[in-house]
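> Whatever this is, show me its structure:
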Amino acid sequence: MKRFSPAAERIVTILGLCIAFALMASIFAPDWTQAEEDHSRSPALVGEPGGDPHAGLFSLGIIEDDRYEVHIYAGDYGPLYSIYDAADGRELGVLLDAEEVAEWFPELPIPAMGFPADAPVGLADPQTDGPPD
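Alright, predicted model coming up:
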């Protein structure tokens, strides 16, 4: 039996693989009616279930207003923000960067706030144990 040229064998092999791929893709296509809800567009909770996602992170402080309580932590590539509901303490977003905060909480001015390395540090401790001496 006469054999095809190497170029013709490659073309036949490639066509066979493409047909096999198309057939498998049509068989194994996900059924969107049974697919789970897409959570990729919601703030993700970071960390293991039941564990503290803030373990090992250095706290830079807390910003409070009438609607939100924002805890700021030092991350490897900049500050990370955990957002809580001020009324009931419910967790709304954990360890988000400034862009994620701007996307999910546009009313918070976090991206406009700067934390440059050479800025002076201002500390306040409003909690006291009793009257001043």
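
> What's the biggest helix in the chain, counting residues?
The longest helix of the chain (DSSP state H) is helix 6-27.

> Parallel or antiparallel, list what pairs with the helix or strand following that helix.
Going down the chain from helix 6-27, the next helix or strand is strand 59-64, by DSSP states H and E. Paired strands of strand 59-64, with direction, are strand 68-75 (antiparallel) (DSSP bridges).

> next helix or strand past the partner strand?
According to DSSP H and E, the helix or strand after strand 68-75 is strand 78-85.

> Counting by contacts, list what that next one packs against.
If you count contacts as 3 or more CB pairs under 8 Å, 6 or more residues apart in numbering; DSSP states H and E, strand 78-85 packs onto strand 68-75, strand 91-96, helix 98-104. No exception for glycine: its C-beta is placed from N, CA and C like everyone else's.

> closest one to A25 among these?
The closest of those to A25 is helix 98-104. By CB to CB, the value is 32.9 Å.

> which of the residues in the closest one are buried?
Buried residues in helix 98-104, counted by 16 or more other CB atoms under 10 Å: A98, E100, V101.

> What's the separation between the second one and V70?
When CB to CB, to the nearest Å is applied, the distance between E100 and V70 equals 13 Å.

> hmm, back to that, who wins for proximity to S26 among the helices and strands packed on strand 78-85?
helix 98-104 (36.1 Å).

> what packs against that closest one?
By 3+ CB pairs under 8 Å, 6+ apart, helix 98-104 packs against strand 78-85, strand 91-96.

> Output these in TSV; the columns should cover mean neighbour count, distance to F21 and mean pLDDT.
Shown next, in TSV, are the helices and strands packed on helix 98-104 (neighbours: other CB atoms under 10 Å; distance: least, CB to CB, whole Å; pLDDT from 0 to 100):
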stretch	mean neighbour count	distance to F21	mean pLDDT
strand 78-85	19	42	88
strand 91-96	18	39	88
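
> ok, and what's touching the longest helix of the chain?
F4 (CB atoms under 8 Å, 6 or more residues apart in numbering).
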